[in-house]
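**Student:** Fold the stuff below for me.
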Amino acid sequence: MHHDVVDLKAFYYNRALGRVVQRILRDRLLDFWPAEKLGGMTMVGYGFAAPLLRPYLSRARRVTALMPGPQGVMAWPAGLPNHSVLCDETAWPLDTGSADRVVMLHALETADYPTAIMEEAWRVLGPGGRLLLMVPNRTGLWARSEATPFGYGRSYSLRQLESQAREAGFVPERNAAALYVPPSDRRFWLRSAQMWERTGARISRMLVAGVVMAEFSKQVAAPIDRSARVRMRSPMQVLEGIARPKPAREGALRHHVSPR
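**Tutor:** Numbers count the residues shown, from 1 in each chain. Okay, here's the model as predicted:
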């Protein structure tokens, strides 16, 4: 079951709880990738990552919000030139190796082909590029509540998330968690959300968090020039410093050979 872009937009932009979630996840993303350090880089969001990307608009060389066809697309950002694109889940309209950073939110948990999506992320990232995945935490409260977008689709543990990324060729780098505040619209929880984030990170990092976050890198082996010659030491050079064997003297040889 896919998310609907209308419902996602209503949650993140019209609902008080959604605006709190937006601020929390955006702050965590900035902890991983500070906007001031992405100057000249290409930033890509997939799924419904647009609410997290605004700080990068004035810093990165290019920012693109990819939204899958089954979900639908909305114009983003409001009041500025459009940066959002409707795309096929398994065929992103980006050149191979053209992205420096890819962040996914509301992507893997409802995808028809999560493995193919990971392979597309691998394709569009350049060597050394980074991928950040945000998915519902299997043991958290948010995955059990259908009142938010995190209660739909597959939820993940950190180990499951890392296993899927490794299958696509990614290397795990860092992980974190977010959304320790209960999924409630009550004012008490909304006003104390930042306190719950600080407390939860210290007490129970992955156990009750609503979202698991993991960063991965694309490592590519350096190409080998076939015309280049590789010098190998000869076996005798390996034994350098050890005296070479000498043939035995003829008299000593006769001494050791018994007569017939």
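**Student:** Would you agree residue 3 is in contact with residue 150?
**Tutor:** No: assessed by CB atoms under 8 Å, residue 3 is found out of contact with residue 150, at 10.3 Å. C-betas here are computed from N, CA, C, even on glycine.
**Student:** The two: which has the busier surroundings?
**Tutor:** Comparing residue 3 with residue 150 by other CB atoms under 10 Å, the one with more neighbours is residue 150, at 26 against 22.
**Student:** mind listing what that one touches?
**Tutor:** 136, 142, 143, 179, 183, 210, 211 (CB atoms under 8 Å, 6 or more residues apart in numbering).
**Student:** now residue 57
**Tutor:** 63, 77, 80, 83.
**Student:** Please determine how far the second one is located from residue 57.
**Tutor:** When CB to CB, to the nearest Å is the yardstick, residue 77 and residue 57 sit 7 Å from each other.
**Student:** Name the residues contacting each of those two.
**Tutor:** residue 83.
**Student:** picking up where we left off before, now for the contacts of residue 57, which sits with the most neighbours around it?
**Tutor:** Counting by other CB under 10 Å, top hit in the contacts of residue 57: residue 63 with 24 neighbours.
**Student:** What about the nearest residue to that residue once chain neighbours are set aside? Give its phi and psi, please.
**Tutor:** Leaving aside its chain neighbours, residue 63 sits nearest to residue 43 (4.8 Å; criterion: CB to CB, 6 or more residues apart in numbering). Main-chain torsions, residue 43, degrees, to the nearest 10: phi -110, psi 130.
**Student:** wait, isn't residue 43 in contact with residue 65?
**Tutor:** No: using CB under 8 Å, residue 43 is not in contact with residue 65, being 9.4 Å away.
**Student:** Residues in contact with both of the two, list them for me.
**Tutor:** residue 53.
**Student:** Kindly check the end-to-end length of stretch 60-78 for me.
**Tutor:** End-to-end distance of stretch 60-78 (CA to CA, to the nearest Å): 18 Å.
**Student:** Next: stretch 140-147.
**Tutor:** End-to-end distance (CA to CA), stretch 140-147: 14 Å.
**Student:** of the contacts of residue 150, closest to residue 167?
**Tutor:** residue 136 (19.9 Å; CB to CB).
**Student:** That closest one looks like it's in a strand, true?
**Tutor:** Yes: judged by DSSP: H, G, I helix; E, B strand; the rest coil, residue 136 forms part of a strand.
**Student:** Contact partners for it?
**Tutor:** Per CB under 8 Å, 6+ apart, neighbours of residue 136: 109, 142, 143, 150, 151, 153, 154, 155, 156, 210, 211, 212.
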